[in-house]
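Undergrad: got a structure for you, letters missing:
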DNA sequence: CTGTTAGCGCTTTCAT
DNA sequence: ATGAAAGCGCTAACAG
């Protein structure tokens, strides 16, 4: 029987009432040094740890925060959860972690179980923050929550994110500045990610501003394997005026696309430049370095929890907080090759494509 | 006030006693169809969710599992936690997640807070499973737990892992079969990882069996950046009889070492072959593919939770469960180059180093 | 089949 | 400074 020792056991051992034990442990009221010593001795001897459950039932508050994310397999979410955990730990709280596996239906169910546990608040990344009955319900129940990576457009919801459209615009402009004209945008499923949608919009805006025709978006499942991605790309990268650049809505997708492009016999970035989005750590380790928009992943999680505590403590404002990002327009993003006017492919560009190492700074 | 509606509110609404409400909700005893309908209606109308806290206090059991891992930033742990979460969800449980950030001291503290929450059991990855006061204490308290990725040698503890030494031996033999003779082993900190120690031992065993002299182990922090790794490697890869192969005790380290080696002007795998350990997803996406020992990361988490439930339900055996691994001796692991007898470096091997694509199967 | 009631472990008045 | 006692939301034993 794990833990048959309760506050009563301690009280008997110390020869005092349970109220006194509680006072000593919580420092709620002054106690005589003598009694306190006896209590502490008893606690130590018995190895007593007050039950959070009993405490919670009485105070009607727990020291747990609920977390709902799509998946831990994506380093972006794993990293932000790491930040949440650290911040929560500093505030003597623990995380109740759940994942939807990209099934938006499951959001409701998971929030339900978390609320049944009476979490003090929630941090979540949902499929669609603007049209979301679960979040509306949390609002109605006045349960505090903060979104991460979601960037609600209409609804007023507390969230921590980056300026996705702005960052994507900046990334697209970096491609244009490198001489690229035909640019492919490959997106993760719009239905499960507003990030993906907003990043695509940034691309469209930048192309329009440059007076260029955007390519039809290619919506891919980033969880699928390279073979699937290669199949989807087949045909799109042939011909004399094929796209010379590919922007992917996340880094995992970008790495897979790069592998696919290479398997098709094209060199990255000499023949095709590819960039991702997120700034996962591994992107810095591959050769050449993955061009991307670097976000402060861990800090996103920390900030989300910090803001959640603000809400718990009565803060009223429900604002979208934008953290700074950093453009990494290097490595797999190089100047556009001079495509041969007729010969479809196989030949390398005449220019040796020196590695571009410019690195944009935070656009705020 | 979130949730002022309790079982009592529902009872009033349905015109019955709280006991009846409880019976309907839990299906503990038969109730008349009429009353049941009234209760269900009241529950729906009020949006009532029974408090897990009240339930737990009464039954002295919670539906939460405590998790202690070094860090979510390593995809290996993130992946296994994903597996734990899925398995726990199937069994109507939730994970209380904590991370030590590789601070072994913190294990004790985290287990304490988790136990205070009265988790039903624990899944953990610790720095040293054989000499661990925290685990001894859990044993004494008879709190069920399962280790993941730890491979206790002496102590009898439930754990789910792979045969680290065996896998490392197999990997080393693959290097030897490819003609490598001078093989460097780069390990993560031994003090925070028994995996690292065991994998090193496997390397030593394989070298000894082949009658070869092992190199002094290089202990590195895999969290450090490539610059640090390059500094540590400097000098070790020069000279006419420099090592032609490097085995790293984990994939993240391997990717960083590859980047460092390339920055030193050596080609991977033409000049130096490099392999990692773990089989993280990104390893398949880099070019060439990362040679490694592929473990069923997610399944490790699932199995750990499954076994934890066995323990919770009274299972007595505390055994080490080995899941099968798969050797991926391809990509960054290629035949050893013919080193020039005198000229120190800069020239490529005479043989074109065809990519080796053999892929070992599970050794069980 | 249903209601009454006694706690589960703890915090917190209210007395003393 | 300390103790007695009430009660948080729920389950389960016991009556009826």
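TA: Structure received. Here the structure is a predicted model, which is why all the values come from computation and not from measurement.

Undergrad: from here on, contacts and neighbour counts on C-alpha atoms
TA: Will do.

Undergrad: quick one: buried residues of the helix or strand that contains residue A:232?
TA: Secondary structure assigned from DSSP states H and E places residue A:232 in helix A:226-233. For helix A:226-233, burial by neighbour count (16 or more other Cα atoms under 10 Å in any protein chain shown) applies to A:226, A:228, A:229, A:230, A:233.

Undergrad: now swap in stretch A:197-216 and tell me
TA: A:197, A:198, A:199, A:200, A:201, A:202, A:203, A:204, A:205, A:206, A:207, A:214.

Undergrad: kindly report the same for stretch A:152-170.
TA: A:152, A:157-170.

Undergrad: mind listing residues that contact that stretch?
TA: With contacts defined as Cα atoms under 8 Å, 6 or more residues apart in numbering or on different chains, stretch A:152-170 is touched by A:129-130, A:145-151, A:195, A:198-206, A:293, A:295, A:300, A:303-304, A:317-325, A:327, A:363-364.

Undergrad: any residue of stretch A:87-107 touching DNA strand C?
TA: No. Stretch A:87-107 lies out of reach of DNA strand C by Cα under 7 Å from any atom of the strand, never closer than 13.9 Å.

Undergrad: what's in contact with that stretch?
TA: Stretch A:87-107 has contacts (Cα under 8 Å, 6+ apart) with A:63-72, A:84-85, A:110, A:114, A:126-127, A:134, A:192, A:302, A:305-306, B:82, B:85-86, B:94-98.

Undergrad: among these, name the ones in helices.
TA: A:84, A:85, A:110, A:114, A:134, A:302, A:305, A:306, B:82, B:85, B:86 (DSSP state H).

Undergrad: for the stretch 101-250 of chain A, give the residue positioned nearest to DNA strand D.
TA: residue A:116 (8.2 Å; Cα to the nearest atom of the strand).

Undergrad: same question, the stretch 51-200 of chain A
TA: Proximity of the stretch 51-200 of chain A to DNA strand D (Cα to the nearest atom of the strand) peaks at residue A:58, 3.1 Å away.

Undergrad: now the strands: where do they sit in the stretch 51-200 of chain A?
TA: A:64-69, A:94-99, A:121-124, A:145-148, A:159-161, A:183-187 (DSSP state E, counting those that start in this stretch).

Undergrad: Provide the strand pairings for the second one, with the direction of each partner.
TA: Read that as strand A:94-99. Strand pairing for strand A:94-99, determined by DSSP bridges: strand A:64-69 (parallel), strand B:94-99 (antiparallel).

Undergrad: the helices in chain A, which residues?
TA: A:7-14, A:18-26, A:33-46, A:52-59, A:75-90, A:105-116, A:133-140, A:164-177, A:194-209, A:226-233, A:251-263, A:297-312.

Undergrad: now what about the second one, what contacts it?
TA: Outside helix A:18-26, the residues within contact range by Cα under 8 Å, 6+ apart are A:7, A:8, A:10, A:11, A:28, A:29, A:30, A:31, A:36, A:39, A:40.

Undergrad: and the angle from that helix to helix A:7-14?
TA: In terms of direction (axes from the mean of the first three to the mean of the last three Cα atoms, to 10 degrees), helix A:18-26 departs from helix A:7-14 by 100 degrees.

Undergrad: same question, the last one
TA: In this structure, helix A:297-312 runs at an angle of 80 degrees to helix A:7-14, with the same axes, to 10 degrees as the basis.

Undergrad: can you check the fourth one too?
TA: Angular relation of helix A:52-59 and helix A:7-14 on a 0 to 180 degree scale: 100 degrees, by the same axes, to 10 degrees.

Undergrad: over to the fifth one?
TA: Between the axes of helix A:75-90 and helix A:7-14, defined by the same axes, to 10 degrees, the angle is 40 degrees.

Undergrad: how is chain A divided into domains?
TA: Chain A breaks down into these domains under the TED database: A:7-50, A:59-162+A:298-322, A:164-295.

Undergrad: which residues of chain A lie near DNA strand D?
TA: A:15-20, A:29-36, A:54, A:57-60.

Undergrad: measure how buried the residue of the stretch 101-250 of chain A closest to DNA strand D is and give me the count.
TA: Residue A:116: 16 surrounding residues under other Cα atoms under 10 Å in any protein chain shown.

Undergrad: residues in contact with it?
TA: Residue A:116 is in contact with B:49, B:50, B:51, B:52, counting by Cα under 8 Å, 6+ apart.

Undergrad: got those residues as a markdown table, with pLDDT, distance to residue A:45 and neighbour count columns?
TA: Output for these, formatted as a markdown table (pLDDT from 0 to 100; distance: Cα to Cα, whole Å; neighbours: other Cα atoms under 10 Å in any protein chain shown):
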| residue | pLDDT | distance to residue A:45 | neighbour count |
| --- | --- | --- | --- |
| B:49 | 94 | 39 | 19 |
| B:50 | 95 | 36 | 20 |
| B:51 | 95 | 33 | 17 |
| B:52 | 96 | 31 | 20 |
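
Undergrad: let me know the closest of those to residue B:251.
TA: residue B:52 (40.7 Å; Cα to Cα).

Undergrad: who are the contact partners of the residue nearest to the closest one when sequence neighbours are not counted?
TA: Nearest residue to residue B:52, sequence neighbours excluded (Cα to Cα, 6 or more residues apart in numbering or on different chains): residue A:117, at 5.1 Å. Residue A:117 sits next to B:51, B:52, B:53 when contact means Cα under 8 Å, 6+ apart.

Undergrad: near chain B, which residues of the stretch 201-350 of chain A show up?
TA: Residues of the stretch 201-350 of chain A lying near chain B by Cα under 8 Å from any Cα of the partner chain: A:226, A:252, A:255, A:256, A:259, A:282, A:285, A:286, A:287.

Undergrad: farthest pair within those?
TA: Using Cα to Cα, these span at most 19.3 Å, a distance reached by A:226 and A:285.

Undergrad: what residue in the stretch 1-150 of chain A comes nearest to chain B?
TA: residue A:96 (4.7 Å; Cα to the nearest Cα).

Undergrad: quick one: that residue from DNA strand C, how far?
TA: Residue A:96 sits 21 Å away from DNA strand C when distances are taken as Cα to the nearest atom of the strand, to the nearest Å.

Undergrad: equivalent analysis for residue A:183, please.
TA: Distance from residue A:183 to DNA strand C, by Cα to the nearest atom of the strand: 61 Å.

Undergrad: and residue A:63, its phi and psi?
TA: phi -110, psi 40 (degrees, to the nearest 10).

Undergrad: for it, what are its contacts?
TA: Each residue near residue A:63 by Cα under 8 Å, 6+ apart is listed here: A:92, A:93, A:94, A:119, A:120.

Undergrad: quick check, nearest of the residues you listed to residue B:333?
TA: Each of the contacts of residue A:63 was scored against residue B:333 by Cα to Cα, and residue A:94 proved nearest at 42.5 Å.

Undergrad: next, the contact list for residue A:297, please.
TA: So residue A:297 contacts A:76, A:77, A:79, A:80, A:83, A:278 (Cα under 8 Å, 6+ apart).

Undergrad: ugh, wrong one, residue A:280
TA: A:75, A:76, A:251, A:294.

Undergrad: name the member of those with the most neighbours.
TA: Busiest of the contacts of residue A:280 [other Cα under 10 Å] is residue A:251, holding 28 neighbours.

Undergrad: name the nearest residue to the closest residue to DNA strand D within the stretch 251-364 of chain A, sequence neighbours excluded.
TA: Closest residue of the stretch 251-364 of chain A to DNA strand D, Cα to the nearest atom of the strand: residue A:312 (18.2 Å). Nearest non-adjacent residue to residue A:312, counting by Cα to Cα, 6+ apart: residue A:144, 6.1 Å away.

Undergrad: can you flag the buried ones in the contacts of residue A:63?
TA: A:93, A:94, A:119, A:120.
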